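Visitor: Generate a structure from the sequence data that follows.
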Amino acid sequence: MLIEYIHAALEKARYEIIEDDEPYYGEVPELDGVWATGSTLEECRKNLEEVIDEWIVFRLRKGLSLPPIGNYSIEDYGEVAVA
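Guide: Numbers count the residues shown, from 1 in each chain. Predicted coordinates for the structure are as follows:
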């Protein structure tokens, strides 16, 4: 399932506090361009999960490959394979 890939990506996330209205910043270095902010760490994590989901859909629609995360990879048809 896609949720397994998303959860594996969230385990790779890095968070930091920045000077901003939404001071919590999170990114997944393995997923190019995937980042989010939030007023709290939990909000940042929730926003990051949504960004990952949208990033996956966008790349699949464009026929772009998705990098494996941990033991998970997404095949061309949206199927998650476990290594």
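Visitor: Going by C-alpha atoms from here, please, whenever you check contacts or count neighbours.
Guide: OK.
Visitor: now stretch 29-44: mean pLDDT?
Guide: On average, the pLDDT along stretch 29-44 is 97.
Visitor: can you pull the buried residues of that stretch?
Guide: By neighbour count on 16 or more other Cα atoms under 10 Å, the buried set for stretch 29-44 is Leu31, Val34, Trp35, Ala36, Thr37, Gly38, Leu41, Cys44.
Visitor: taking the residues you listed one by one, which sit in helices?
Guide: Leu41, Cys44 (DSSP state H).
Visitor: Just the closest of the buried residues of stretch 29-44 to Gly70, please.
Guide: Checking the buried residues of stretch 29-44 against Gly70 with Cα to Cα, the nearest one is Leu31 at 12.2 Å.
Visitor: Which element, helix or strand, includes the residue lying closest to the closest one once chain neighbours are set aside?
Guide: Excluding its sequence neighbours, the residue lying closest to Leu31 (Cα to Cα, 6 or more residues apart in numbering) is Pro67, at 7.3 Å. Counting by DSSP states H and E, there is no helix or strand that carries Pro67.
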